[in-house]
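> quick one, what's the 3D model for this:
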Amino acid sequence: MTQMLRKKTDPTPFELEIAKIFEKTELGLGHLHFNSAKEIELADGKKVVVIYFPMPLIDDWRKVITKVVNELEKKLQGRNVFFVGNRTILKKEKRGMFKPKGLQKRPRNRTLFAVYDAILADLVRPALIVGKRTNYTPAGTFIKVFLSKQHQNALESKVETISALYKKLCNRVVYFSFDN
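Numbers count the residues shown, from 1 in each chain. Have a look, this model is predicted:
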């Protein structure tokens, strides 16, 4: 159980429950682990499980993610399960600020928008984001995301859940469409 969950602080009971479920599955996940797990309640009363994994293991998780999600959704009474990389957002550098010698510039993948875009890509996995449009209206800003058509059957039932979860995690409104 402690092999699946690696965390510096004490794990919550929900995280221990997820770790037990991982150990009971026979998918050969011995080399993989996760950082934390949260159960998030959405606006419509639906509960969703979000599991955060460390970024160095992203390629290994992507190989088995569909099998693991299917297994977890069976064991968690039909709650939707999503895997998200545990990414870091670095603050913006201020102009005219004194930089100590050797301080590196902030990488692009650690900016706010890059992290939010990567979270969106993790949530819609296994589908690929084919296109994206940001619309600015007087009522507010929203993002229209075009997903690959080949995974439409798998994701069509989850589109509203993903949109509500993304709103909860990143405070951005997103709409999905399946494109050729």
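> isn't there a helix covering Val81?
No - judged by DSSP: H, G, I helix; E, B strand; the rest coil, Val81 forms no part of a helix; its state is strand.
> report the separation between it and Arg172.
Note on Val81: its distance to Arg172, by C-beta to C-beta, to the nearest Å, is 22 Å. The C-beta positions use only the backbone N, C-alpha and C, and glycine is treated the same way.
> who has more neighbours, those two?
Val81 (20 against 17; other C-beta atoms under 10 Å).
> quick one: residues contacting the more buried one.
Shown in contact with Val81 (C-beta atoms under 8 Å, 6 or more residues apart in numbering): Val48, Val49, Ile51, Val69, Leu72, Glu73.
> go through the helix or strand containing the last one and flag the buried ones.
Secondary structure assignment for Glu73, by DSSP states H and E: helix 58-75. Using 16 or more other C-beta atoms under 10 Å as the burial criterion, the residues of helix 58-75 that qualify are Ile58, Trp61, Ile65, Val68, Val69, Glu71, Leu72, Lys75.
> for that helix, packing partners?
helix 13-24, strand 80-85 (3 or more C-beta pairs under 8 Å, 6 or more residues apart in numbering; DSSP states H and E).
> nearest to Tyr136, out of these?
Smallest distance to Tyr136 across the helices and strands packed on helix 58-75 (C-beta to C-beta): 26.8 Å, for strand 80-85.
> list the buried ones in the closest one?
For strand 80-85, by 16+ other C-beta under 10 Å, it's Asn80, Val81, Phe82, Phe83, Val84, Gly85.
> and it with helix 13-24, angle?
90 degrees (axes from the mean of the first three to the mean of the last three C-alpha atoms, to 10 degrees).
> quick one, phi/psi of Val174?
phi -140, psi 140 (degrees, to the nearest 10).
> quick one, what contacts the closest residue to Leu57 other than its chain neighbours?
Closest residue in space to Leu57, ignoring its immediate chain neighbours: Leu32 at 6.1 Å, by C-beta to C-beta, 6 or more residues apart in numbering. Contact partners of Leu32, counting by C-beta under 8 Å, 6+ apart, are Met4, Phe53, Leu57, Asp60, Trp61, Val64.
> in three-state terms, label Leu32 for me.
coil.
> ok, which of the helices and strands packed on helix 58-75 comes nearest Gln150?
strand 80-85 (19.7 Å).
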